[in-house]
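>>> Show me the folded form of this:
(chains A, B and C)
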Amino acid sequence: MPELPEVETTRRGLLPLVGHVVQSVTIRHPRLRWPIPSHLPQTLPAMTLNGLRRRAKYLLCDFSGETGAGILLLHLGMSGRIQLLDDAYPAEKHDHFDVAFVGGQVLRLRDPRRFGAVLWLEGAEDDHPLLASLGPEPLEDGFHAKYLQQALVNKTLAIKNAIMDGHVVVGVGNIYASESLFRSRIHPETPANSLSLKQCEKLVAEIKLTLNEALNAGGSSLRDFFGTNGLPGYFQQNYFVYARTDEPCLVCGRPIKTMRLGQRSTFFCSHCQKARVKS
DNA sequence: CGAATCTCCTGGAGGC
DNA sequence: TGCCTCCAGGAGATTC
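From the prediction side, this is the model:
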């Protein structure tokens, strides 16, 4: 379950590939969330990787060559991981996709549950349906309290579901939704449009803080993250509520509660997070 | 429109 | 040991 910090950590880990030229592409199991484009082994070789960007949880790899240009879009789904190998040692069971570069380095996608994606975009990425209507990046200045409150107008759904909606803000997954709401002392069921501006300020600040902490943890474990036995940064984090059902709240000591919200497990402290406001 | 539900997939945990 | 069921979850697709 890579969240935004893991995707960003992955991006940084792959930066050494920028400037390198593709040697070959191997597709072992094309059926991810969508089929991996079958033309990639013909299209990508001889192209140069010009840059690596991230939008939401998508990795955007900019390629160009004499035959054209495009963006290789990668998504890790919930079990995906990208490794940067010094050479193409034998692939294991869930290693579905390789991009080998001149010089021997290999970008390898492993994704047991195959919720991830490998797509090829040509033309302006903003026109692509997956990217066109995304909300702001949570760590950028465009995500602020007034924006959030405005984005939640007319939304009566639970705030936890609202901040996990990529049209409101991208990159807040199930873990950090629960965590940032606890840290904001907002009950996850609170109707989204009932948050005060002050609550929006607090929530925005805590989302940024939580993600930045995870990013720092991920960054510090970069080597491990790319190793075979490494744990992603988020496993190193200490959570206030996530996956701590019945354990004592780290603030008040009462047992952490869990509930289903939008088909997702949700963790909170019923004492520290005030019951939802009736509207 | 908004909101809720369904869906993809496999590994791991728990029950018997 | 083996088999079964349940659960985890990102986010687009579908339905109401």
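>>> So for residue A:22, what's the nearest residue that isn't a sequence neighbour?
Closest residue to residue A:22 apart from its sequence neighbours, by CB to CB, 6 or more residues apart in numbering: residue A:44 at 4.6 Å. Where you see a C-beta, it was placed from the backbone N, CA and C, and this is true even at glycine.
>>> what does residue A:65 give?
For residue A:65, the spatially nearest residue (CB to CB, 6+ apart) is residue A:47, at 3.7 Å.
>>> per-residue confidence at that neighbour?
pLDDT recorded at residue A:47 is 98.
>>> same thing with residue A:12?
89.
>>> do you know how far it is from residue A:35?
Residue A:12 sits 29 Å away from residue A:35, going by CB to CB, to the nearest Å.
>>> So the two - more neighbours on which side?
With other CB atoms under 10 Å as the criterion, residue A:12 and residue A:35 differ in neighbour count, and residue A:12 comes out ahead with 16 against 12.
>>> check which helix or strand covers residue A:147.
Counting by DSSP states H and E, the element that carries residue A:147 is helix A:145-152.
>>> in that helix, what counts as buried?
Under the neighbour-count criterion of 16 or more other CB atoms under 10 Å, helix A:145-152 has A:145, A:147-149, A:151-152 buried.
>>> Among the residues you listed, which one sits closest to residue A:214?
For residue A:214, the closest of these turns out to be residue A:148, at 19.9 Å, with distances computed as CB to CB.
>>> okay but that closest one is in contact with residue A:204, surely?
Yes: applying CB atoms under 8 Å, one finds residue A:148 in contact with residue A:204, separated by 5.7 Å.
>>> what's the neighbour count on the closest residue to residue A:264 other than its chain neighbours?
The shortest distance from residue A:264 to any non-neighbouring residue, by CB to CB, 6+ apart, is to residue A:174 (5.2 Å). Around residue A:174 sit 19 other residues, with neighbours defined as other CB under 10 Å.
>>> I'd like the distance between residue A:174 and residue A:138.
Summarising the geometry, the distance separating residue A:174 from residue A:138, computed by CB to CB, is 15 Å.
>>> do residue A:53 as well
Going from residue A:53 to residue A:138 by CB to CB gives 16 Å.
>>> And these two? Which one has more around it.
When neighbours are counted by other CB under 10 Å, residue A:138 comes out ahead of the other of residue A:53 and residue A:138, with 22 against 12.
>>> What about residue A:217, how many residues nearby?
Using other CB under 10 Å as the criterion, residue A:217 is surrounded by 18 other residues.
>>> Repeat that for residue A:22.
By the measure other CB under 10 Å, the count of residues near residue A:22 is 23.
>>> likewise residue A:254?
Residues near residue A:254, counting by other CB under 10 Å, number 12.
>>> Give me the nearest residue to it, chain neighbours excluded.
Ranked by CB to CB, 6+ apart and with sequence neighbours excluded, the top spatial neighbour of residue A:254 is residue A:271, at 4.9 Å.
>>> and residue A:61, how far is that from residue A:77?
In this structure, residue A:61 lies at 17 Å from residue A:77, with CB to CB as the measure.
>>> Tell me which of those two has more neighbours.
Under the neighbour definition other CB under 10 Å, residue A:61 and residue A:77 were set side by side, and residue A:61 has more, 23 against 17.
>>> Just the element for the more buried one, please.
Counting by DSSP H and E, residue A:61 is part of strand A:58-65.
>>> Show me which residues of chain A sit near DNA strand B.
Counting by CB under 7 Å from any atom of the strand, chain A comes close to DNA strand B at A:31, A:33, A:93-94, A:112-115, A:154-158, A:161, A:192, A:262-263.
>>> wait, what's in contact with residue A:52?
Residue A:52 is in contact with A:11, A:14-15, A:17-18, A:59-62, counting by CB atoms under 8 Å, 6 or more residues apart in numbering.
>>> Give me the three-state assignment for it.
The assignment at residue A:52 comes out as strand when based on DSSP: H, G, I helix; E, B strand; the rest coil.
>>> Quick one, grab the pLDDT at it.
pLDDT at residue A:52 comes out at 96.
>>> What of residue A:218?
According to the model's per-residue confidence, residue A:218 sits at a pLDDT of 67.
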